[in-house]
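S.K.: Fold the following, please.
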Amino acid sequence: MKAGRINTAYEWWLRVCAERRARNERLWPSWRNQRRRRLLVRAWAACVLIALAFVYVGLSSVVAVFAWLAVELVVLFLYSALKVLTRQVTDVPRRLADERELALRNRYAYTGYLTGSWCLVVMMAALLPGVASDGAHGLDANQLYCLALGLLLLTTGVPTAQLAWTMPDDDPEDLADPEDLKVLTQADQGGQPRG
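M.R.: Residues are numbered from 1 along each chain as shown. Take a look at the predicted model:
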């Protein structure tokens, strides 16, 4: 009985993912080129570095907390925009991806794994002074929180950012509205376009 519920939930999740992908396919057609995606990757990387810089600043004042929160929200917005512009290839369910998308997903997932591994090394190194001196030295809780969240944002975003950086420009015909394609096809065949 549980397996039936799990399968039903999984089928529902696949439907939701497919609908979201279809809806996002046509968003921001003028941004679906390599130059603009690279601009977004640069902005995302800069915001992640700023978020990581709060490790040194800390969250000791209300202004610092709101500035840090604003940076985190910008990082999340840029990450979401990159996911839309890359068609969410890096985290599409297996059943919704074609062979090319699966190959890309696997390639960039490995990069995410390596980034996550190195981020754990950085986290361990940041914790070491506090452990060695019974908490007398090292980062305080606010700084550790900033470091952990910054590294999490870096780890989750690297595969999408790398794909956005290397992905070629989209074919304009893929981004055209189906109704516009009908008009163009009729005009090419010598028929009169309607509308």
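S.K.: quick one: the helices in the chain?
M.R.: 2-24, 34-57, 62-85, 99-132, 141-166, 172-175, 178-188 (DSSP state H).
S.K.: Just the angle for the fifth one relative to helix 62-85, thanks.
M.R.: For helix 141-166 against helix 62-85, the angle by axes from the mean of the first three to the mean of the last three Cα atoms, to 10 degrees is 30 degrees.
S.K.: pLDDT averaged over helix 141-166, what's the number?
M.R.: Averaging pLDDT along helix 141-166 gives 88.
S.K.: same for it, what does it pack against?
M.R.: Helices and strands touching helix 141-166, as assessed by 3 or more Cβ pairs under 8 Å, 6 or more residues apart in numbering; DSSP states H and E, comprise helix 34-57, helix 62-85, helix 99-132. C-beta: built from backbone N, CA, C; applies to glycine.
S.K.: quick one, phi/psi of Ser60?
M.R.: phi -80, psi -20 (degrees, to the nearest 10).
S.K.: how close does it get to Ala148?
M.R.: 18 Å (Cβ to Cβ, to the nearest Å).
S.K.: Please report the distance of Ala86 from Arg105.
M.R.: Actually, residue 86 is Thr rather than Ala. 10 Å.
S.K.: So between the two, which is more surrounded?
M.R.: More crowded of Thr86 and Arg105, by other Cβ atoms under 10 Å: Thr86, with 25 against 20.
S.K.: Tell me how far the more buried one lies from Leu149.
M.R.: 23 Å.
S.K.: Please apply the same query to Ala43.
M.R.: Counting by Cβ to Cβ, the gap from Ala43 to Leu149 is 18 Å.
S.K.: Mind listing what's buried along stretch 17-28?
M.R.: Within stretch 17-28, the residues that count as buried by 16 or more other Cβ atoms under 10 Å are Cys17, Arg21, Asn24.
S.K.: And that stretch, how far out from the chain middle?
M.R.: In terms of Cα atoms, centre = their mean, to the nearest Å, the centre of stretch 17-28 is found 15 Å from the chain centre.
S.K.: hmm, who's touching it?
M.R.: Ala81, Val84, Leu85, Arg87, Gln88, Val92, Pro93, Leu96, Leu175, Asp177 (Cβ atoms under 8 Å, 6 or more residues apart in numbering).
S.K.: Buried members of these into PyMOL, please.
M.R.: Entered in PyMOL, the line below selects the buried ones among the contacts of stretch 17-28, by 16+ other Cβ under 10 Å:
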select buried, resi 81+84+85+87+88+92
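S.K.: can you put the contacts of stretch 17-28 in TSV and add pLDDT and distance to Tyr10?
M.R.: Converted to TSV, these look like this (pLDDT from 0 to 100; distance: Cβ to Cβ, whole Å):
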residue	pLDDT	distance to Tyr10
Ala81	91	28
Val84	87	24
Leu85	87	27
Arg87	80	21
Gln88	79	18
Val92	78	14
Pro93	77	9
Leu96	78	12
Leu175	48	30
Asp177	51	32
